[in-house]
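In: Attaching a predicted model along with its sequence, questions to come.
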Amino acid sequence: MTSLRLNEVRESPIWRLDVEMTPVMHVARVTLPRGSFVWRRPVAIEVRQGDTVRRVRIPDATRRAQIGVILSELALGVLAASATRIYSQRRSRQ
């Protein structure tokens, strides 16, 4: 049976002096009839110092780069289509 499970997982804490840091990850697990696939992506670090807890986000640079590439491809496609249309119109007038 095929299934997909999405979880937020906290790993074991790391201590430095009086600061406790806990990595937080998103985990996607895909189970297929002949095996499974697990994908982990770090999303934050929870920093506990005394009674205060802060959550420090980890930006996903890969996703930003992928979105940038896709938007660039779309812009170049629109530019190429416009240039082709303008060239065809000028050529048909001659």
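Out: Perfect, I can see it now. Numbers count the residues shown, from 1 in each chain.
In: Which secondary structure state does the residue nearest to the spatial centre of the chain sit in?
Out: With distances taken as CA atoms, centre = their mean, residue 63 lies nearest the centre of the chain, 3.9 Å away. With DSSP: H, G, I helix; E, B strand; the rest coil as the basis, residue 63 sits in helix.
In: From the contact counts, what lies against whichever helix or strand residue 38 is part of?
Out: Per DSSP states H and E, residue 38 falls inside strand 35-49. The helices and strands touching strand 35-49, judged by 3 or more CB pairs under 8 Å, 6 or more residues apart in numbering; DSSP states H and E, are strand 3-10, strand 19-32, strand 52-57. Bear in mind the C-beta positions are built from the backbone N, C-alpha and C, glycine included.
In: measure the closest residue to residue 47 other than its chain neighbours to residue 62 for me?
Out: Counting by CB to CB, 6 or more residues apart in numbering, residue 54 is the residue found nearest to residue 47 once chain neighbours are left out, at 4.8 Å. Residue 54 sits 24 Å away from residue 62, going by CB to CB, to the nearest Å.
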